[in-house]
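Mind looking at a prediction? Sequence and model below.
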Amino acid sequence: MITVHTDLHRQHHGTAELIDGTLKPCFEMPSRIDMILERVKARALGEVVPPQSFGMAPIERVHAPGFLRFLENAWSEWSALGRHHDALPLVWPVRDLRGDREPLHIDGKMGYYSMDAGVPITAGTWQAARASADVALTGAQRLRDGARAAFSLCRPPGHHAAAAFMGGYCYLNNAAIAARALRDAGADRVAVIDIDYHHGNGTQSIFYRDPSVLFVSLHGDPREEYPYFLGHADERGEGPGLGFNRNLPLPRGTDWAGYSQALEVACAEVAAFGPEFVVVSLGVDTFAQDPISEFRLVNDDYLRIGAAIGRLSRATLFVMEGGYAVADIGVNAVNVLEGFESV
């Protein structure tokens, strides 16, 4: 299996996020990718290749023009005010406040285009996010060229980013961009399986009315877990997309016994849908030692996850999302890939 990777991810390195009521060092850091890449090489998983450049067209198929302009220009607008620290939102257009007009000031724009204060913008955020999308698109291209699987080692991650807002360490939705590109290239059906601990609210919202892209997610119950406001079991799609969204929220403390049952349901849903391609939002923050998650999976469980996805017998793109137990992130991510290849 090829791994697509670029060092351009290092251009984004936020210093702090707002969490637990205080500014703390970002859990999403460049060393996450270093550990995964080290494990890919140690296990001789396959060739590591740089991404191709696909331009803006496939990104514009998923994200709104105003949001993309904001991301591209946010740092220059922020730093023009003499601010050389990370940009973070100040205010959000919540219930009873207007959300139909984009503010002119960067402080207003930061809130208008974000869902939380876990998305610091730095001087290199836009460049890193663009490169991350190219990493995903290169993996998708490999599938179109006939590969059984590819691993897009994306950073920043993407599944919390919706068409017109960022959040949860995510700026551009890499998995959605790849899935849309596969559809645009002629695939009738694409399935997205999100196995990150946190619900992929951005991916769900992007495809919520689309019957050609099935979204299935296993995640922490949003009544207790981020992102809180999406990811419930009764969210099944809308309009023509009704029935093509499946959420499997699970309680805190879920171990393999409970997780494996939900994974079996998810894989059955995908098999019944019959996609030509599967895109996996590969989060490994379901690990028992993850610092911001509450599942109880262990290293070997990730081999089982990969094997279950492999038994779907579909060309599969793995897109890296979350996972913050840095010492084990490489082992767990690569275990999923090796489990897939063992089938």
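Sure, I can see it.

all contacts plus neighbour counts: C-alpha atoms, from now on.
Fine.

how far away is the closest residue to residue 16 other than its chain neighbours from residue 227?
Nearest residue to residue 16, sequence neighbours excluded (CA to CA, 6 or more residues apart in numbering): residue 25, at 4.4 Å. For residue 25, the distance to residue 227 equals 20 Å [CA to CA, to the nearest Å].

Can you name the helix or strand that the closest residue to residue 130 other than its chain neighbours falls in?
Leaving out its chain neighbours, the residue that sits closest to residue 130 by CA to CA, 6+ apart is residue 172, at 7.7 Å. Secondary structure assigned from DSSP states H and E places residue 172 in neither a helix nor a strand.

Kindly provide the distance from the residue nearest to residue 16 to residue 237.
Looking at residue 25 against residue 237, where the rule is CA to CA, the gap reads 36 Å.

Kindly report the same for residue 91.
30 Å.

ok so residue 249 is a strand residue?
Yes - membership of residue 249 in a strand is supported by DSSP: H, G, I helix; E, B strand; the rest coil.

Counting neighbours, what do you get for it?
21 (other CA atoms under 10 Å).

of residue 25 and residue 237, who's got more company?
Between residue 25 and residue 237, counted using other CA under 10 Å, the more crowded position is residue 237 (21 against 13).

Retrieve the pLDDT associated with that one.
pLDDT, residue 237: 98.

One more: residue 18?
Residue-level confidence at residue 18 comes out at 88, pLDDT.

which residue packs closest to it, ignoring adjacent ones?
Using CA to CA, 6+ apart, the nearest residue to residue 18 is residue 117, at 5.5 Å.

Please read off the pLDDT at the residue lying closest to residue 188 once chain neighbours are set aside from the model.
Nearest residue to residue 188 in three dimensions, chain neighbours excluded: residue 212, at 6.5 Å (CA to CA, 6+ apart). As summarised for this prediction, residue 212 has a pLDDT of 98.

following the longest helix belonging to the chain, which helix or strand comes up?
Among the elements of the chain assigned as helix by DSSP state H, the one spanning the most residues is helix 125-144. For helix 125-144, the following helix or strand on the C-terminal side (DSSP H and E) is strand 149-152.
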